[in-house]
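Trainee: Below: sequence and its predicted model.
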Number of protein chains: 4
Amino acid sequence: MALMNFKGRNIYYEVNGTGTPILILNGIMMSTKSWEPFLKSFTHQNQLVRLDFIDQGQSDKLENSEYTQSIQVDIIEALLKELKISKINIVGISYGGEVAILFAIKHPELVERLVLFNTTPYTSPWLQEIGRQWNAIGKLRDGATYYKATIPVIYSPSYYASKLDWMKKREAFLIPIFSNPVFLDAMERLTNSAESYDARNGLDQISAPTLIVAADEDYLTPIANQKELHQAIKNSELVILPGVGHASMYEVPLLFVSLVLGFINTLETKYQI
Amino acid sequence: MALMNFKGRNIYYEVNGTGTPILILNGIMMSTKSWEPFLKSFTHQNQLVRLDFIDQGQSDKLENSEYTQSIQVDIIEALLKELKISKINIVGISYGGEVAILFAIKHPELVERLVLFNTTPYTSPWLQEIGRQWNAIGKLRDGATYYKATIPVIYSPSYYASKLDWMKKREAFLIPIFSNPVFLDAMERLTNSAESYDARNGLDQISAPTLIVAADEDYLTPIANQKELHQAIKNSELVILPGVGHASMYEVPLLFVSLVLGFINTLETKYQI
Amino acid sequence: MALMNFKGRNIYYEVNGTGTPILILNGIMMSTKSWEPFLKSFTHQNQLVRLDFIDQGQSDKLENSEYTQSIQVDIIEALLKELKISKINIVGISYGGEVAILFAIKHPELVERLVLFNTTPYTSPWLQEIGRQWNAIGKLRDGATYYKATIPVIYSPSYYASKLDWMKKREAFLIPIFSNPVFLDAMERLTNSAESYDARNGLDQISAPTLIVAADEDYLTPIANQKELHQAIKNSELVILPGVGHASMYEVPLLFVSLVLGFINTLETKYQI
Amino acid sequence: MALMNFKGRNIYYEVNGTGTPILILNGIMMSTKSWEPFLKSFTHQNQLVRLDFIDQGQSDKLENSEYTQSIQVDIIEALLKELKISKINIVGISYGGEVAILFAIKHPELVERLVLFNTTPYTSPWLQEIGRQWNAIGKLRDGATYYKATIPVIYSPSYYASKLDWMKKREAFLIPIFSNPVFLDAMERLTNSAESYDARNGLDQISAPTLIVAADEDYLTPIANQKELHQAIKNSELVILPGVGHASMYEVPLLFVSLVLGFINTLETKYQI
């Protein structure tokens, strides 16, 4: 664990293991800690780089400010410089996938391969409304309601039903966090930073081999989003996870890890059939 | 328009047209008025019977009480008696589809054919959480937040994006209603009345030819729900509406009317191939 | 039943019932007789017009000749003139759907509404190979092999398994027909008449309200074909039949009839939501 | 390359590379040679074991005999003994996936992890008909017709259209092979060996972590087959390849290799979420 100074703010990051490096980018509510269950597998043959985006986890907050995801893109660029990594594999989920796309468009030469889980090419008017709902409820400082508005919808109904006990524990764990004004304000800024996200015009700039993973019970970034990515990103492959929701890394952890490591560690990306 | 007395409460209903009768049952936020756009087509060759469930539209409220959907089932039975209708075709969407199923299980002899749009066989733990979220937000008496929590999610993202102006008008129209404590309390009771809904054990009692219509961007009652209905209801047919959300009657009105009238008015239900 | 003279050839057709007229167009192996099971329902409120295309059923053969589907389009035009029908609803399945599309492009003013089952906008290279396979096997004059090559593939695996007895009877019935050189030569000409079919450039000319019905176990005209039709035909609606194959009218007859009659007999096609 | 004697017959096999061993099992028309394009990637960190089943490639033919897939299961068991491998990862596609399943049921202690592409739990009546069609056409000794009957159907229509030149070359290459009576007789025996295949009662015996890969334009072993496998094999994961046909390893080679290596080389299969 370490801190990087970015324009006067601390950015928290972790580097573990050795081997072909992988940078993994958090979803909006996640942090470096969210990846702990996967650490052993991800560092078995690879170096894993994690970071908390600005306003996430142990990175600094950016109180009373407005920003877009381009700040997160710049943070990643700075971090790679700090770590002296000239080219890296990037894995992103949801918000992290959006930042990964923006980064790959701006710095194609820094990206080896790209893996995008539950990612949309743009924030649709519909998704903007979901974000505004979260923000409106966040202002109430009522953790229980914030939980109900944000958490069930990111899991598939079948997973939710099969893990009820786990969900109840998670609810108990999250409600205090979701009642914390500092967290809620940061969440609002993060949500706002994605509101204008639209990478559609730049997708043809992405040249890295890209794996796009869609989940067919993902209600926040439905499968049509990933099909659009697949059509626009030239060297891309598309896989669908049936019966899985937006939080795919937790619903099907073995598949999540297998897809990431399989795509990144495979020697050749072109095959002479 | 007319009122029926049900155990001391007024139930509002309307009967229009002549021909083979069709009873259409509202979704939870709907009322008899919601069907006005379809009135001309539905009454072209059929008699259309509409009603507001207890706590809906112009029917009486049931303040300070708890009930299940069985009260709505009894209201329908009373209404058919009042109208001297011995057998009827029933169309239900969402909450109305659930009541239609419960009615068809309890009174199979009264049901000619059944059409179920966006209907689940039971309220899953996941859907219960959605209901609890709605209730929690309802208690805030904040129409704008209630709108954000309940309305975008019932439309498919693509429909929402293509009808932004219409959505904005709808938002302006709904916010005052969604700020009204009387409406919000009624919505809470209606939501609660469905919380324990589970018709799975009775589905094999339904003998009427049944058309089940699923929409593949319906996030509240996902397609897996309708597949379960199709497997359990013996004389059932299943159709999928691609790119359509939970409010299918508004997203694809021509398909909605065509499916209802086609299934109900077709002379024969068995074909010797 | 009646015969129409078309450029010196007899075209067999039938007109039954009274009411809003519906012209139903056969799939490649079908004939006017194939629709007998649906006759009662189709003529309940409508006039049903059927015909055998050239080289089909009781219409004349066109020995030793090559033609495209435009000849079938001209036959329909002639038949409507003969019947003094100035505008008609057209239903087509597969080959019949292709002819319906070509007719609607050439004579938009003659088409009231259009219903297309299991229809492709063009004969893909892949489908051309299937056609060449059928022709190659047809030349063997071996009915049993022709049956194996053409029939199982048009049904969904689940339907086939559930109707094994029926399939065996059908095989016994069809093998003599499939051994008849006159039938096989006609089939070859019909197959060839569709080989160059490509309506993609004309689809935007179709103005009639159009219902497109796809079946998700249709291997000859997969669902991607119907999605392409839906995107290109402006006033079109798309419905998917899950677990159904290419011969949808036989696999789900009640749905087939309901979809046709519902779409054609509904009073209004535009709804003010 | 090497030969193993199995009950007086030569079985051809190849072992390449070092590392965690992977046994890859051919589809019915494939041979050890079919995997050459993947050799470099598969042997980068793993030992790859390939074999030709009896009646395939360079293994001996079993003229004038009838057998089931259990002979292939016994050949694998013998080969593992020969190679002194006590536990192995098995990858199978189609026919090879069926043999992999039968092997995993009979010898669960020998199977580390299992990857099944385009595999069915049983030969359905529908698939039996396809097999009989192939056999009937095989008896004609006409390579061009055998090609048309067997090859286009194993690719998705979109892949076929996009690779027309490649397909034409492949056709030219395959027709002489498909005209060879020795090959055709072997194909008939192999096809017959799968006709009675039904592993459904044994699937709950499989304990190895299993990855099931379905392709949604696979017409020979449709997606419903893989869903059935997923439900019955306890430690299984399901992934869907959209727009891909039965020959998934050739249509999406990078995905094929990534899925295999990712699933097999991932350190942990259980994650504490």
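Mentor: Now that the structure is in, tell me what you want to look at. Residues are numbered from 1 along each chain as shown, chains lettered A, B, ... in the order given.
Trainee: ok, whichever residue of chain A sits closest to chain C - contacts?
Mentor: Per Cβ to the nearest Cβ, A:Lys227 is where chain A lies closest to chain C, at 11.1 Å. Just so you know, the C-beta spots here come from the backbone N, C-alpha and C atoms, and that holds for glycine as well. Listed by Cβ atoms under 8 Å, 6 or more residues apart in numbering or on different chains, the contact partners of A:Lys227 are A:214, A:238, D:242.
Trainee: Which strand or helix spans A:Leu140?
Mentor: A:Leu140 is part of no helix or strand, with elements assigned from DSSP states H and E.
Trainee: roughly how far apart are the nearest residue to it once chain neighbours are set aside and A:Arg132?
Mentor: Excluding its sequence neighbours, the residue lying closest to A:Leu140 (Cβ to Cβ, 6 or more residues apart in numbering or on different chains) is B:Leu140, at 6.6 Å. Counting by Cβ to Cβ, to the nearest Å, the gap between B:Leu140 and A:Arg132 amounts to 15 Å.
Trainee: what's stretch A:187-195 in contact with?
Mentor: A:28-29, A:53, A:55-56, A:62, A:65-69, A:71-72, A:95, A:98, A:123, A:128, A:131, A:134-135, A:138-139.
Trainee: In PyMOL, how would I select the buried members of those residues?
Mentor: Applying 16 or more other Cβ atoms under 10 Å in any protein chain shown to these, the buried members can be selected in PyMOL as follows:
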select buried, chain A and resi 28+29+53+55+56+62+69+71+72+95+98+123+128+131+134+135+138
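Trainee: The helix or strand harbouring A:Ala104 near chain B at all?
Mentor: Using DSSP H and E, A:Ala104 falls within helix A:95-106. No - judged by Cβ under 8 Å from any Cβ of the partner chain, helix A:95-106 and chain B are separated, with a smallest distance of 15.8 Å.
Trainee: what about the helix or strand that comes right after that helix, near chain D?
Mentor: Downstream of helix A:95-106, the first helix or strand assigned by DSSP H and E is strand A:111-117. No - judged by Cβ under 8 Å from any Cβ, strand A:111-117 makes no contact with chain D; its nearest approach is 9.9 Å.
Trainee: Which residues outside the next helix or strand after strand A:111-117 are in contact with it?
Mentor: Next helix or strand after strand A:111-117 toward the C-terminus (DSSP H and E): helix A:125-138. Contact with helix A:125-138 is made by A:120, A:123, A:145-146, A:149-150, A:184-185, A:187-188, A:191-192, A:194-195, A:220-221, B:137, B:142, B:144-145, B:148-149, B:152-153, B:155-157, B:160-161, B:164, B:167, as judged by Cβ under 8 Å, 6+ apart.
Trainee: With adjacent residues omitted, what lies nearest to whatever residue of the stretch 151-273 of chain A ends up closest to chain D?
Mentor: Closest contact between the stretch 151-273 of chain A and chain D, by Cβ to the nearest Cβ, is at A:Gly262 (1.9 Å). In space, and not counting its chain neighbours, A:Gly262 is closest to D:Gly262: 1.9 Å by Cβ to Cβ, 6+ apart.
Trainee: And for A:Thr191?
Mentor: A:Gly131 (4.5 Å).
Trainee: Then A:Phe117?
Mentor: A:Phe117 sits nearest to A:Ile93 (Cβ to Cβ, 6+ apart), 4.2 Å away.
Trainee: got the contact list for that neighbour?
Mentor: A:25-27, A:30, A:116-119, A:248-249.
Trainee: now with 10 Å?
Mentor: A:24-28, A:30, A:34, A:100, A:115-119, A:213, A:221, A:246-249, A:256 (Cβ atoms under 10 Å, 6 or more residues apart in numbering or on different chains).
Trainee: Which of the residues you listed fall in helices?
Mentor: A:100, A:248-249, A:256 (DSSP state H).
Trainee: Going along the chain, name the strands of chain A.
Mentor: A:2-6, A:9-16, A:20-25, A:46-51, A:88-93, A:111-117, A:210-215, A:236-241 (DSSP state E).
Trainee: Is there any residue in the last one that contacts chain C?
Mentor: No - counting by Cβ under 10 Å from any Cβ of the partner chain, chain C has no neighbours in strand A:236-241; the shortest distance is 14.1 Å.
Trainee: re earlier: give me the buried subset of the ones in helices among the contacts of A:Ile93.
Mentor: A:100, A:248-249, A:256.
Trainee: among those residues, which are within reach of chain D?
Mentor: Within these, those near chain D by Cβ under 10 Å from any Cβ are A:249, A:256.
Trainee: May I see the buried ones among the ones in helices among the contacts of A:Ile93 arranged in CSV, with pLDDT and distance to C:Asn180 as well?
Mentor: Conversion of these to CSV gives the following (pLDDT from 0 to 100; distance: Cβ to Cβ, whole Å):
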residue, pLDDT, distance to C:Asn180
A:Ala100, 98, 63
A:Ser248, 98, 56
A:Met249, 98, 61
A:Phe256, 98, 58
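Trainee: can I get the buried ones among the ones in helices among the contacts of A:Ile93 in TSV with distance to D:Gln272?
Mentor: Formatted as TSV, these follow (distance: Cβ to Cβ, whole Å):
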residue	distance to D:Gln272
A:Ala100	26
A:Ser248	17
A:Met249	13
A:Phe256	14
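Trainee: of all the buried ones among the ones in helices among the contacts of A:Ile93, which comes closest to chain B?
Mentor: A:Ser248 (16.1 Å).
Trainee: Look up how far A:Asp52 lies from A:Ser34.
Mentor: Distance from A:Ser34 to A:Asp52, by Cβ to Cβ: 10 Å.
Trainee: which residues do these two both contact?
Mentor: With contacts defined as Cβ under 10 Å, 6+ apart, the residues shared by A:Ser34 and A:Asp52 are A:Asn26.
Trainee: residues in contact with A:Ser179?
Mentor: A:140-147.
Trainee: Please repeat the previous calculation with a cut-off of 6 Å.
Mentor: A:Ser179 makes contact with A:Gly143 under the criterion Cβ atoms under 6 Å, 6 or more residues apart in numbering or on different chains.
Trainee: do A:Ile233 as well
Mentor: A:203, A:206, A:210.
Trainee: A:Val73 too?
Mentor: A:Val73 touches A:102-103, A:106, counting by Cβ under 6 Å, 6+ apart.
Trainee: Please apply the same query to A:Gly243.
Mentor: Contacts for A:Gly243 (Cβ under 6 Å, 6+ apart) come out as A:Ser158.
Trainee: A:Arg141 now?
Mentor: A:Pro181.
Trainee: Could you do A:Leu238 as well?
Mentor: Neighbours of A:Leu238 in contact, by Cβ under 6 Å, 6+ apart: A:212, A:230, D:242.
Trainee: Thank you kindly, that will do.
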